[in-house]
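J.: Got a sequence here, can you build the structure:
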Amino acid sequence: MRHGVARLLLSIALAAVAAGSASAQSSREAERKLESVRKELKSVASERREIESQRGAATRELRRADEQVARTGRALAAVEAELAASEAELAKLQQQRSELEDTLGGRREELARLLRAAYAQGDAAPLKLLLAQDRVADANRLLAYHRYVQRDRAARIAELTGALAELDAVQARIDTRRAELEAARVRQQQQLAQLEKDRKARREVVARLDRSFEDRRSREKALGRDAKGLEQLLEKLRAAAARAEAQRRAAAAAK
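T.: Presented below is the predicted three-dimensional model:
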């Protein structure tokens, strides 16, 4: 009877040793795996933080690019509005010029007729006018009127000619400004196109960093779950090893 109990205790002890050995091996394997997971988790977390920093910088760059595009767009709209105003002003000036030229043409024709009439009458024109009148006073008034009309027409022509010259100067200034605005519009259109291109590139960078960030964060979470699971497994294996060790000691003590 005593020998049977001894064999039973020996079997229990051997089983406990075997269980302890298996538990210890499993624990070591779990610890190695946990160490590997923790190492990878640390690396992924570091990558995630670096990508997050890059993403923040890229997002700020994209925001600045958006602001630059908006500013350039507003400047381009202002230039185009000024160009439209210049075109309207030029059209108005051209209309005024056309009207002045028509008026000037009529004045010149009228003066030319007066000059031709005076030339046809020759140097004796004042005497002819005097002889053609019944009274000297009437003749003098007629001569005075004749000279007044000539002076008035000449003065009016000079005034119109001056107005045309002023219009020409204004139109020249507007033409110059319009050329400057047109050049500015071309530059701003080119700048806006480049800014749009740069903004698109920055958006692609931000999108790529977003994807990388989400990938690292997902991997980090998965590794965190794996690490937690391995930690729980280790606790169970250590508990099992402790129980096996307790059984082994109890069996050894009962011998």
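
J.: need the helix or strand of the chain with the lowest average pLDDT.
T.: Least confident helix or strand of the chain, by mean pLDDT, DSSP states H and E, is helix 125-131 with a mean of 50.

J.: Next secondary structure after it?
T.: Note on helix 125-131: by DSSP states H and E, the next helix or strand toward the C-terminus is helix 136-254.

J.: where does this structure dip in pLDDT?
T.: Residues of the chain that meet the criterion pLDDT under 70 lie in 1-26, 107-108, 110-146, 149-150, 153, 157, 248, 251-252, 254-255.

J.: what about Val79, how many residues close to it?
T.: Neighbour count of Val79, defined by other C-beta atoms under 10 Å: 20. From N, CA and C alone the C-beta is placed, and that goes for glycine too.

J.: Settle this for me: it is touching Glu180, isn't it.
T.: No. Val79 is not in contact with Glu180 according to C-beta atoms under 8 Å; the separation is 9.6 Å.

J.: What about Ala91, how many residues nearby?
T.: By the measure other C-beta under 10 Å, the count of residues near Ala91 is 10.

J.: Check which helix or strand it maps to.
T.: According to DSSP H and E, Ala91 maps onto helix 2-121.

J.: With adjacent residues omitted, what lies nearest to Glu101?
T.: Excluding its sequence neighbours, the residue lying closest to Glu101 (C-beta to C-beta, 6 or more residues apart in numbering) is Leu164, at 7.0 Å.

J.: how many neighbours does the one you found have?
T.: Neighbours of Leu164 (other C-beta under 10 Å): 16.

J.: what's the answer for Glu109, then?
T.: Neighbour tally, Glu109, other C-beta under 10 Å: 10.

J.: and Arg202, how many neighbours does it have?
T.: Neighbourhood size, Arg202 [other C-beta under 10 Å]: 19.

J.: That one is in contact with Arg60, isn't it?
T.: No. Between Arg202 and Arg60 there is no contact under C-beta under 8 Å: 9.8 Å.

J.: Quick check: buried residues in stretch 30-45?
T.: For stretch 30-45, the neighbour count (16 or more other C-beta atoms under 10 Å) marks Ala30, Lys33, Leu34, Val37, Arg38, Leu41, Val44, Ala45 as buried.

J.: What of stretch 70-77?
T.: Within stretch 70-77, the residues scored as buried using 16+ other C-beta under 10 Å are Thr72, Ala75, Leu76.

J.: Now find how far off-centre it is within its chain.
T.: Offset of stretch 70-77 from its chain centre (C-alpha atoms, centre = their mean, to the nearest Å): 9 Å.
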